[in-house]
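K.L.:
Generate a structure from the sequence data that follows.
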Amino acid sequence: MLRVPMQPASAGASVHYEHGISSQRLPSWLRRPIARGGEYSAVEGLLEELHLSTVCREAKCPNRGECYASGTATFLIAGDSCTRSCRFCAVETRPPQPLQADEPARVADAVARMGLRHAVITMVTRDDLPDGAAGHVVATIRAVREAAPGVAVEVLVSDFGGNGAAIDAVVDARPDVFNHNLETVPRLYAEVRPGADYARSLEVLARAKRRAPSMATKSGLMLGLGESVSEVRNVMKDLRAVGCDYLTLGQYLRPSPAHLPVAEFVDSGVFVLLAKSGRRMGFAGVASAPFVRSSYHASEMAGQTGGT
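P.N.:
Numbering: from 1, shown residues only. Okay, the predicted model is just below:
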């Protein structure tokens, strides 16, 4: 299989991108202004009023300004700290607090007041709970359905430690899109996702599709961690083999000096090439570009038929 060269970090690019505190310059395709206008203040104010966390803020997403300005956000439920220590993720690892019983209602209130057409709800990993917080996810889906009928609900969930009953419970709540990210290629799991397992994560998606064949499933990978294009394509084939409908591919950006360094800044042409490969494999939708994230323009992606 053809290996397409990725842009090496040493070719004038920094491997220390730390969300604005690096003294080195990013490649040209990773430089853009930070949006602060539009609905930014209103969204931030509402989130503060309702005491809600977002993956936009907790994970230091580079698209936070753009999404807030456009009147949307990706809700982070079950707390703002994680029980795992994935080396790419900015969400803090510390003993989590008890679940907040009123959080589903607060998320639903925000969805309704923001006038969202497509709500994306993600979660921290809660290995401390018997069901991994699956019941909390279900309660949130139901609360959003009640408060904002007609809103499409997309959930981005953990692997629930491989707990099949927990996966089934979320699927049975019938989100419009069931998302679980593989994040990287199998060879890099031990380094990038300690505590996770590639086969287990793939089985999460397989089980969801078996239980609800008509429900859309989705997954995503980060590029620039040292993977090869052929490895990425093999993961894409694995995803199609379990019926995954939607795929996101984006550039990994180092959240802080404590996280994994960027191995390479991937040229935008490689993202285009992988999107074309995804369409040929049969994905219903592919979003592949440096700033793409799991929930970035999620509503548009759910309505596309293989675009980039």
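K.L.:
Following element in sequence after the helix or strand hosting residue 209, please.
P.N.:
Element membership for residue 209 (DSSP states H and E) is helix 198-211. Sequence-wise, the next helix or strand downstream of helix 198-211 (DSSP H and E) is strand 216-223.
K.L.:
Could you check the angle that following strand makes with helix 198-211?
P.N.:
160 degrees (axes from the mean of the first three to the mean of the last three CA atoms, to 10 degrees).
K.L.:
Can I take it that residue 76 is in a strand?
P.N.:
Yes - counting by DSSP: H, G, I helix; E, B strand; the rest coil, residue 76 is part of a strand.
K.L.:
tell me the contacts of it?
P.N.:
Applying CB atoms under 8 Å, 6 or more residues apart in numbering to residue 76 gives the contacts 52-55, 58-59, 91, 122-124. The C-beta positions use only the backbone N, C-alpha and C, and glycine is treated the same way.
K.L.:
Check residue 168 too.
P.N.:
Residues near residue 168 by CB under 8 Å, 6+ apart: 207, 211.
K.L.:
That one: which element?
P.N.:
Counting by DSSP H and E, the element that carries residue 168 is helix 164-172.
K.L.:
for the record, mean pLDDT for that helix?
P.N.:
Taken as a whole, helix 164-172 has an average pLDDT of 98.
K.L.:
Same check on stretch 38-56?
P.N.:
In this model, stretch 38-56 has a mean pLDDT of 88.
K.L.:
So in the chain, where's the weakest helix or strand by average pLDDT?
P.N.:
The helix or strand of the chain with the poorest confidence is helix 55-58; it has a mean of 68 (mean pLDDT, DSSP states H and E).
K.L.:
Mind giving me the packing neighbours of that helix?
P.N.:
Applying 3 or more CB pairs under 8 Å, 6 or more residues apart in numbering; DSSP states H and E, we find helix 55-58 packed against helix 64-69, strand 74-77.
K.L.:
gap between residue 144 and residue 298?
P.N.:
14 Å (CB to CB, to the nearest Å).
K.L.:
actually residue 64, not the one I typed
P.N.:
Separation of residue 64 from residue 298 (CB to CB) stands at 15 Å.
K.L.:
Give the residue from the two that has the larger number of neighbours.
P.N.:
For residue 64 versus residue 298, the count of surrounding residues by other CB atoms under 10 Å is larger for residue 298: 26 against 23.
K.L.:
what pLDDT does the more buried one get?
P.N.:
You'll see residue 298 listed with a pLDDT of 81.
K.L.:
partner residues bridging the closest residue to it other than its chain neighbours?
P.N.:
Nearest residue to residue 298 in three dimensions, chain neighbours excluded: residue 120, at 5.0 Å (CB to CB, 6 or more residues apart in numbering). Beta-bridge pairing of residue 120 under DSSP bridges involves residue 74, residue 154.
K.L.:
Show me the beta-bridge partners of residue 247.
P.N.:
Beta-bridge partners, per DSSP bridges, of residue 247: residue 219, residue 286.
K.L.:
Do I have it right that it meets residue 216?
P.N.:
No - between residue 247 and residue 216 there is no contact under CB atoms under 8 Å: 11.6 Å.
K.L.:
Excluding residues flanking it in the chain, which one is nearest residue 87?
P.N.:
Using CB to CB, 6+ apart and skipping the chain neighbours, the partner closest in space to residue 87 is residue 260 (4.6 Å).
K.L.:
What is the neighbour count of that neighbour?
P.N.:
20.
K.L.:
Same question for residue 95.
P.N.:
Using other CB under 10 Å, residue 95 is surrounded by 7 other residues.
K.L.:
Pull the contacting residues for it.
P.N.:
81, 128.
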